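**Student:** I would like the atomic coordinates for the input below:
(chains A and B)
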Amino acid sequence: MTAEPRQRSSRVPVWSPGRLLSARNIVLVVALVALLVFGPGLFGAYWTRILTNCAIISIAAAGIALLYGRLGLVSLGQVSLIGVGGWITLRVGHATSLPFELVLVIAAVGTGVIGVLVGLPALRLSGLNLAIVTLMLAGAFEVIFTVTGFPNGGEGFLGRATGGVLQQPLARPALGTTDPEYFRYVVVVTIIMFVIIGLHLANRPGRAWAAMRQSEAGALAAGIGTVRYRLWALAVVSATTGVAGGLLAGNAGLLDPISFKAPASILLFATVLIGGAYSLLGAVIAGFLSQGLPPLLDALGVDGNLIFVILGLGMIQAITTAPRGIAGQLQGLARRIRGLFGKKERP
Amino acid sequence: MILPFVVAGLVLGSLYALGGVGMLVLYRTTGVLNFGYGALGAVSAMLSWQFVELRMQPLLAYALGIVAATALSLIFGLLAGPFLATVTILTKATATLGLALILLGLMLFAWNDKARTLRLPTDTIGFSIGTRITVTQIICLALATAIVVATSLYLRHSPTGTAMRALASDRELSSMLGVGVRRVELLAWTVSGAIGGITGILLSSQTRLEPVFLTFIVIPILAAVVVGRFRSLWGTLIGGLVIGVVQAVASAFPSTSSFSNATPFVVATIVILYLQRRKVVSIEVAR
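**Tutor:** Numbers count the residues shown, from 1 in each chain, chains lettered A, B, ... in the order given. Purely as a prediction, here's the structure:
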């Protein structure tokens, strides 16, 4: 008897209605719609502004989480890429009268190209070497940003107006001129970026990345073009991080080099580890930890400098006992609760 | 004249190298690349400054600062060492980022990030050979060279040094051969912490006494270690000196001065990329 290959394709249709309309997705959509409609009214002006920043930073956190959780790469220079995205946004925004959305796309493409170009020589690196090189690049970008500054409506390629000239902030997008509107605008863009990253994770690139993380030799043997997929990961992460930079630039209309120093990258990486690098929920938590926790501590009357201590302790705790971060612990809790209810229903 | 810049660069470079040697001793023995090294030095410098401000005898104050850095390093090694031994090199290094953040936060809590100056008594004594050289600068250069020589001799010839090198090759095998793994590791943490404390005090007298600046001076120190290919003490010394001199000379010219601070990053990136130019696919499975 000849053996008959009875293999089914491992491809599960992602877009089947049954999967799309799961209870989790419905709850998620309802929660997001509620956030968009009632959010600004509920939080008040101060917290709306802070949560806008949280949402923006969570995009960059999702990029770090993708690199660390899916590819096992530690990048300690992501804040520099936010800066690059912000620089391009301000420069293009001042030079042209394109709508802000188009400027964001240009910033995404530009940052993606720069991320890939910078990453190209670092392609062979992994592990500790990559972490060191990205830290060095963060340091180098810090120097560059300090020298060039960010465009503020001046003349020349750098677009710097110095001296007594009045700084000219970039106008906000037409769809988000006020703080509450801009909050909704940012949340929508963040959702789009998360969907882009989520689709990558759920499909072929995500599987290829996971295979490369397990064993590069194994991935090669399985016929995965490791160079191509690694570059693609860099491009996706850089582009979404560039969008985060663009949103940050659009918020205030001006950027300060002081926000793009190397320590900021390390802090952001710490928050991703604490939030959880293996899920997009972790990225949201990381965004809150990096932008929402300091004002929260401030409101509670705790010295703002202790944020470093909290994040440092959290980072060590995450590495030693909770590698999946807060998000992983929340998901474990949800699974346990579901398990309890599942048992009750059965008899 | 360019001579003053070369001297300043040599001094700064020797301090990068000194810190690099301290990092290397720990890395070679335990596999931990300590990103919190700058923070240890910063604690030592800030404490020394504080004690001097409190009218303590300067020498005693410096000694206490160095002891504090040593103790912190030892405590971290004592608490985290057993865990760190079980994880990958990358995770070990990441955990020390946590140490850096904790120490930085505590320092910023205790002292704000204002610019202070730590005046060593040896700063005022000096002589002139075309440019003025202070005794502190001589100490920096001499100490860096002496520690490199002493450490390489110690690693080569003493029993504990041999044990350290054995540990660097294979932790399990050396424990099989009867090396007191924990004892040797803790010794490495102690020595590294002490060198870090000395480096911190000297660096703060030569550059700036600011917690954030000193904590992240670990990046140029790391660059010196990279030039030493994570192995060679002499390579680290030369790397540190070259980085320091290039940086100082670049700061002498108006066209390059604003980019001079990027020297360590550029040098280290080029060296890493050069060393990894022929990397083949590694056959290791993620744990």
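**Student:** And the average pLDDT for stretch B:90-101 is what?
**Tutor:** Confidence for stretch B:90-101, expressed as mean pLDDT, is 89.
**Student:** do it and chain A meet?
**Tutor:** Yes: in this structure, stretch B:90-101 sits against chain A according to Cβ under 8 Å from any Cβ of the partner chain; the contacting residues are B:90-91, B:93-95, B:97-101. Just so you know, the C-beta spots here come from the backbone N, C-alpha and C atoms, and that holds for glycine as well.
**Student:** May I see those residues organised as TSV, with secondary structure added?
**Tutor:** TSV is the format used below for the residues of stretch B:90-101 next to chain A (DSSP: H, G, I helix; E, B strand; the rest coil):
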residue	secondary structure
B:Leu90	helix
B:Thr91	helix
B:Ala93	helix
B:Thr94	helix
B:Ala95	helix
B:Leu97	helix
B:Gly98	helix
B:Leu99	helix
B:Ala100	helix
B:Leu101	helix
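**Student:** and stretch B:36-55, what's its mean pLDDT?
**Tutor:** Confidence for stretch B:36-55, expressed as mean pLDDT, is 91.
**Student:** any weak-confidence spans in the chain?
**Tutor:** Looking at chain A here, since you left the chain open. Low-confidence segments of chain A, defined by pLDDT under 70, are located at A:1-21, A:153-157, A:159-167, A:342-347.
**Student:** that's the wrong chain, I wanted chain B
**Tutor:** B:113, B:130, B:278-287.
**Student:** where along it do the helices fall?
**Tutor:** All helices of chain B, identified by DSSP state H, fall at B:3-30, B:37-53, B:58-84, B:89-110, B:135-157, B:159-169, B:171-176, B:181-206, B:211-215, B:218-227, B:233-250, B:254-257, B:263-275.
**Student:** Run the chain-centre distance for the fourth one.
**Tutor:** Spelled out, it's helix B:89-110. Offset of helix B:89-110 from its chain centre (Cα atoms, centre = their mean, to the nearest Å): 15 Å.
**Student:** can you give me the angle that helix makes with helix B:218-227?
**Tutor:** Relative orientation of helix B:89-110 versus helix B:218-227 (axes from the mean of the first three to the mean of the last three Cα atoms, to 10 degrees): 150 degrees.
**Student:** same question, the third one
**Tutor:** If you take the same axes, to 10 degrees, helix B:58-84 sits at 70 degrees to helix B:218-227.
**Student:** Quick check: buried residues in helix B:58-84?
**Tutor:** When burial is assessed from 16 or more other Cβ atoms under 10 Å in any protein chain shown, helix B:58-84 yields the following buried residues: B:61-62, B:64-66, B:68-70, B:72-74, B:76-77, B:80-81, B:84.
**Student:** ok, now the second one?
**Tutor:** Residues of helix B:37-53 classed as buried: B:37-52 (neighbour count, 16+ other Cβ under 10 Å).
**Student:** how about that helix as PDB, C-alpha atoms only?
**Tutor:** Presented in PDB, the C-alpha positions along helix B:37-53 are these (Å, rounded to 0.1, in the frame of the first residue of the first chain):
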ATOM      1  CA  TYR B  37      29.100  50.400  35.000                       C
ATOM      2  CA  GLY B  38      28.800  54.100  34.400                       C
ATOM      3  CA  ALA B  39      26.200  54.300  37.100                       C
ATOM      4  CA  LEU B  40      28.500  52.600  39.600                       C
ATOM      5  CA  GLY B  41      31.200  55.100  38.800                       C
ATOM      6  CA  ALA B  42      28.700  57.900  39.100                       C
ATOM      7  CA  VAL B  43      27.600  56.700  42.600                       C
ATOM      8  CA  SER B  44      31.200  56.700  43.700                       C
ATOM      9  CA  ALA B  45      31.800  60.200  42.400                       C
ATOM     10  CA  MET B  46      28.600  61.700  43.800                       C
ATOM     11  CA  LEU B  47      29.200  60.100  47.200                       C
ATOM     12  CA  SER B  48      32.700  61.400  47.300                       C
ATOM     13  CA  TRP B  49      31.600  64.900  46.400                       C
ATOM     14  CA  GLN B  50      28.900  64.700  49.100                       C
ATOM     15  CA  PHE B  51      31.400  63.600  51.700                       C
ATOM     16  CA  VAL B  52      33.900  66.300  50.700                       C
ATOM     17  CA  GLU B  53      31.100  68.900  51.000                       C
END
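**Student:** Give me the angle between it and helix B:181-206.
**Tutor:** Computed with the same axes, to 10 degrees, the direction of helix B:37-53 lies at 60 degrees from that of helix B:181-206.
**Student:** right, is helix B:37-53 up against chain A?
**Tutor:** No: for helix B:37-53, no contact with chain A is found by Cβ under 8 Å from any Cβ; the gap never falls below 9.6 Å.
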